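Engineer: model this:
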Amino acid sequence: MTKPPRSSHHKYRLPDKTLKLAPTPDDEQILLEVYRHDIIDAKTIYSLLQPRSPDKISRRLNKLFKARYLHRFLQLEEIYVAGGGSRPIAYTLDDKGMALVTERFGFKPKRTRLRERAKGLSSSRILHDLELAQFIVSMRKSVDDRDDLHFLYPEDIYQHFAQQVLKRDRLPIGIRTRVRWFDYREEQGTNPDGFFMLYNPMAPEGKQRRSIFLEIDRGTETINPTDRTIKSLRFWQGTSILRKFVIYSYAFARNVHQTVFGIPTFQVLTVTTNRERVAEMQKMFRSRLSIKPHEVDNNRFLFTDWNTIRKHGSDLVTLPVENGVGEVKTLLI
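Structural biologist: Just a heads-up that it's a prediction; the model follows:
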């Protein structure tokens, strides 16, 4: 049954006549941050633009929405629960915002987050992407507090290290590779939730860059399908953490990361809900991928959870993460 409109829905209504707006340099910075993160909430935008006033930024966000540079997600209001507090206001770029960013900053347009698709996203997908943005922004701010590291978004990575990628019509968003899994011999793909690089120009040659594909697990996805399932076509027709890890493993073995993303190596960092799911993923890795015939490196996959992140504090560079066999590592180069 559809819920009746709430009074708070007014903040999602566009005026009949589009607001005329000449974007300021601050507006351009806001649009750039939304471009970088695809979907991001107002509170996270405030944290990126400190020390500017949240009230001032909020007013500019409202004007950019009414001028159709930004799109707001009504879906989050639709899952509002009385007494549960307000939902975050989440943004993605509207057509005009995308056009401004691509023209002003010279970036390739992203077609995956324009308004037409944004309206069809589920509330759970939006909440997932907000967690993704929050983690990436926290990592970036942690790096910004250091003198020895640089945080690079995909566009920065290509500009500095893989300009051949920028010559393509579209920037890469996924990994596809041929897999050998029991009797299955076909091409399969997966799209990382996020992608960033930590760069230390003062580190020894060959150890200056750490490229991370990020997976945000909200606890709803199967980790380790049954033996019967993994040997059948159902394994590839559905989704699971193991399925993603198999694709990442074969992509690395076949150097897909080099040809598609222009990076010399990569690790996959999974952020999940709790320690129990971390342990389940590590058990899956040990029983499915670390043994013959696969023998995937123990450090290919890293794990942490939101409770560990909250306890550790704001310095995510030194956040304890675990590899596939439970050894404690950090992302510090």
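
Engineer: now the closest residue in space to K66 that isn't next to it in sequence, what's its secondary structure?
Structural biologist: Ranked by CB to CB, 6 or more residues apart in numbering and with sequence neighbours excluded, the top spatial neighbour of K66 is L19, at 4.1 Å. Every C-beta, even on glycine, is put in place using the N, C-alpha and C of the backbone. What DSSP: H, G, I helix; E, B strand; the rest coil gives for L19 is coil.

Engineer: now swap in I157 and tell me
Structural biologist: helix.

Engineer: toward the C-terminus, what is the element adjacent to the helix or strand where R125 lies?
Structural biologist: According to DSSP states H and E, R125 maps onto helix 123-144. Counting by DSSP H and E, the next helix or strand C-terminal to helix 123-144 is strand 150-152.

Engineer: mind giving me the packing neighbours of that following strand?
Structural biologist: helix 123-144, strand 194-199 (3 or more CB pairs under 8 Å, 6 or more residues apart in numbering; DSSP states H and E).

Engineer: could I get these as JSON lines with mean pLDDT, distance to G326 and mean neighbour count?
Structural biologist: Output for the helices and strands packed on strand 150-152, formatted as JSON lines (pLDDT from 0 to 100; distance: least, CB to CB, whole Å; neighbours: other CB atoms under 10 Å):
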{"stretch": "helix 123-144", "mean pLDDT": "95", "distance to G326": "22", "mean neighbour count": "19"}
{"stretch": "strand 194-199", "mean pLDDT": "98", "distance to G326": "23", "mean neighbour count": "21"}
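
Engineer: TSV for these, including distance to I309?
Structural biologist: Shown next, in TSV, are these (distance: least, CB to CB, whole Å):
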stretch	distance to I309
helix 123-144	8
strand 194-199	15
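
Engineer: E280 is nearest to which of the ones you listed?
Structural biologist: helix 123-144 (19.0 Å; CB to CB).

Engineer: okay, the angle between the closest one and strand 194-199?
Structural biologist: Using axes from the mean of the first three to the mean of the last three CA atoms, to 10 degrees, the direction of helix 123-144 lies 10 degrees away from that of strand 194-199.
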